[in-house]
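> Sharing a model that was predicted from the sequence below.
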Amino acid sequence: FRDALVPLIGEAREMLKDHGKTAGWSADTRARVNLVLGIANRTSGVELKSMDSLNAAVAYFQHALDDWTHDRDPLEWAMAQRNLGRTLCAQYDLNMDTALLHPAVTAFQNAMSVYQSRSDRIDVAEIQSALGSLFEAIGRYIPGSENIRKAVEYDRAALNGIEPRKFPNIWGETQIQLGNALRVLSFWDKGTKDIEDAIAANREALKIYSKQESPMHWAEAQGQIAQSLSQLAQVASNPDDFRQSISLLRQILNGYPRERKPIEWAHIQSALGDALMGLYDLDPKSGAQYPEQAAIAYRASLQELTLEREPMGWAQAKQGLGNALEELGHNNSESSYLNQAIDVYNDSLKVYKSDRQPLQWATVKYELGEAFVYLGEQGPGVKYLQQGVQNYREALAALPEGSPQDLRNDIQDGLKIALDDLHQRGWKGG
């Protein structure tokens, strides 16, 4: 529609303001006009990426809810609540304001209560799918696994209410969504069941989506499988799973329409970097070429990801690039790589905060400490080793309860080695 709706919206808005024309309207008529104006403004706002239009849409839906009530007009009230939820999601997609997420959850849950009471299965399922997406987003910002577990529950509930033959697209999209939520949940749960279930969900989606007919959905499902394979490889220390992941990601990138989906392309590049570094970590001696390849992939992703638009993805790519540069600097005794690694780690800490993402923040502080220690080992003096010790200690202090024990052990081992080196150099500190 682009801007085609703008003049029509303007005419309708002026009519609504003209009390001479609306004086005889019933509450129901007024609410329906507000609903239509809200939908039109949301459509225009999404097309034009206009927050002003989306703000206007929210206001119109709220005006409709002033006239419709849950008890007197349950279906109309639910329809307005559902549209309000969709619009709050559209606002979040535009400005990444996390304050919008919980009000969107409330709006969808309000609508769902009506549809559930009337056994409207597909409407309930669509809302459950939307709630699954919202709780997955909330889980990115609030520590712990509670919200991501809710996302999995809502996605699974949604799939129980969708007939794939009648509604193949929403069924496929929800399978991909479930796969992503399970993959994230696997970071909290022990074992491989969540990862295996994530792969299974995406393979179900691929029964609907082919590369020829639905290339973007196909790429999304295949990308999720590739990332799950990387996680499976890490848990099981299986290099073959990493190799499968790398091969699959390169297949996806071959011919991927970067111009149409630059952010998605960037995330695939970042996932490729992660898989290459994972394979390197399993066998550093035989995989010396992988950090350089990973650095190329991360730098490619950062051509599209920005701090303002994609803060978490940007921070993850920066952290990954830091890992690759740190290994290049350590392996080749190149201080320039290590200094670059320190810079990009510090960039990622512009997003990761110890009170909001304590595990990610502590992990980067550990990696930062490691880079400083490697830098200190390349020359005399104690300055860089001291900075390494400081970062290790800050990482240990920030690790939340339930963090991976291996990570805690690695930080403690790194701290001990750095302190021993300092003492051998005559440092008298503790």
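On my side now, so go ahead. Residues are numbered from 1 along each chain as shown.
> Was I right to think A233 contacts G278?
Yes. Under the criterion of Cβ atoms under 8 Å, A233 is in contact with G278, at a separation of 6.1 Å. Glycine gets a C-beta too; all of them are placed from N, C-alpha and C.
> what touches both of those two?
Residues touching both A233 and G278 (Cβ atoms under 8 Å, 6 or more residues apart in numbering) are 242, 245.
> Show me the helices in the stretch 251-400 of the chain, by range?
262-282, 290-302, 311-332, 335-348, 358-377, 383-398 (DSSP state H, counting those that start in this stretch).
> Please point out which parts of the first one sit buried.
Translated: helix 262-282. The neighbour-count check on helix 262-282 (16 or more other Cβ atoms under 10 Å) flags 264-281 as buried.
> which secondary structure element contains the spatially closest residue to G85 that is not a sequence neighbour?
Closest residue to G85 apart from its sequence neighbours, by Cβ to Cβ, 6 or more residues apart in numbering: A107 at 3.6 Å. For A107, the enclosing helix or strand under DSSP states H and E is helix 101-117.
> for D52, same thing?
Per DSSP H and E: helix 51-67 holds D52.
> contacting residues for the residue nearest to G85?
81-82, 84-85, 88.
> Over to L422?
382, 385-386, 389, 429.
> Next, it: secondary structure please.
At L422, secondary structure determined by DSSP: H, G, I helix; E, B strand; the rest coil is helix.
> Make 786 the first number, not 1, from now on.
Will do, 786 is the new start, and the previous item becomes L1207.
> Just the pLDDT at it, thanks.
pLDDT for L1207: 93.
> before we move on, what about the one 5 residues further on?
Listed pLDDT for W1212 reads 87.
> C-terminal to the worst-scoring helix or strand of the chain on mean pLDDT, what's the next element?
Every helix and strand of the chain was ranked by mean pLDDT, DSSP states H and E. The lowest is helix 790-802, at a mean of 66. For helix 790-802, the following helix or strand on the C-terminal side (DSSP H and E) is helix 804-807.
> same for that following helix, what does it pack against?
helix 790-802 (3 or more Cβ pairs under 8 Å, 6 or more residues apart in numbering; DSSP states H and E).
> sorry, back to before: weed out the non-buried ones from the contacts of L1207.
Here, 16+ other Cβ under 10 Å leaves 1167, 1170-1171, 1174 buried among these.
> ok, back up a step: check which residues of the helix holding A892 are buried.
886, 889-890, 892-893, 895-897, 899-900.
> Please apply the same query to stretch 1075-1089.
Buried-residue list, stretch 1075-1089, by 16+ other Cβ under 10 Å: 1075-1080, 1082-1083, 1085-1087, 1089.
> Check stretch 1020-1027 too.
Buried, per 16+ other Cβ under 10 Å, within stretch 1020-1027: 1026-1027.
> so how far is it from its chain's centroid?
Counting by Cα atoms, centre = their mean, to the nearest Å, stretch 1020-1027 is centred 24 Å from the centre of its parent chain.
> how long is that stretch end to end?
Chord length of stretch 1020-1027, first to last residue, is 11 Å (Cα to Cα, to the nearest Å).
> Name the nearest residue to P949, sequence neighbours excluded.
Distance criterion Cβ to Cβ, 6+ apart; nearest residue to P949, sequence neighbours excluded, is W956 at 4.2 Å.
> Would you agree the one you found is in contact with D940?
No. Applying Cβ under 8 Å, one finds W956 not in contact with D940, separated by 11.1 Å.
> When the two are compared, which one has more neighbours?
D940 (26 against 22; other Cβ atoms under 10 Å).
> Identify each buried residue in the helix or strand hosting the more buried one, please.
Using DSSP H and E, D940 falls within helix 931-945. Of all the residues in helix 931-945, those buried under the rule 16+ other Cβ under 10 Å are 932-937, 939-944.
> ditto for stretch 905-922
905, 908-922.
> W1050 is in contact with E1089, correct?
Yes. Counting by Cβ under 8 Å, E1089 touches W1050, with 6.5 Å between them.
> Any idea how many residues pack against the residue nearest to Q1197 when sequence neighbours are not counted?
The shortest distance from Q1197 to any non-neighbouring residue, by Cβ to Cβ, 6+ apart, is to L1181 (7.0 Å). For L1181, the neighbour count with other Cβ under 10 Å is 19.
> mind checking how far L1181 is from K1201?
As judged by Cβ to Cβ, to the nearest Å, L1181 and K1201 stand 12 Å apart.
> ok, now D1066?
Distance, D1066 to K1201, by Cβ to Cβ: 21 Å.
> Ok, N1116 next?
N1116 is 23 Å from K1201, where distance means Cβ to Cβ.
> More neighbours: these two, which one.
N1116 (15 against 11).
> my guess is the more buried one meets E1077, correct?
No. Using Cβ under 8 Å, N1116 is not in contact with E1077, being 9.9 Å away.
> Compute the first-to-last residue distance for stretch 1124-1144.
23 Å.
> Relative to the whole chain's centre, how far out is it?
17 Å.
> what's in contact with it?
With Cβ under 8 Å, 6+ apart as the criterion, stretch 1124-1144 contacts 926-928, 1092, 1096-1097, 1099-1101, 1103-1104, 1106-1108, 1110-1111, 1114, 1145-1147, 1149-1150, 1152-1153, 1156-1157, 1160, 1183-1185, 1188.
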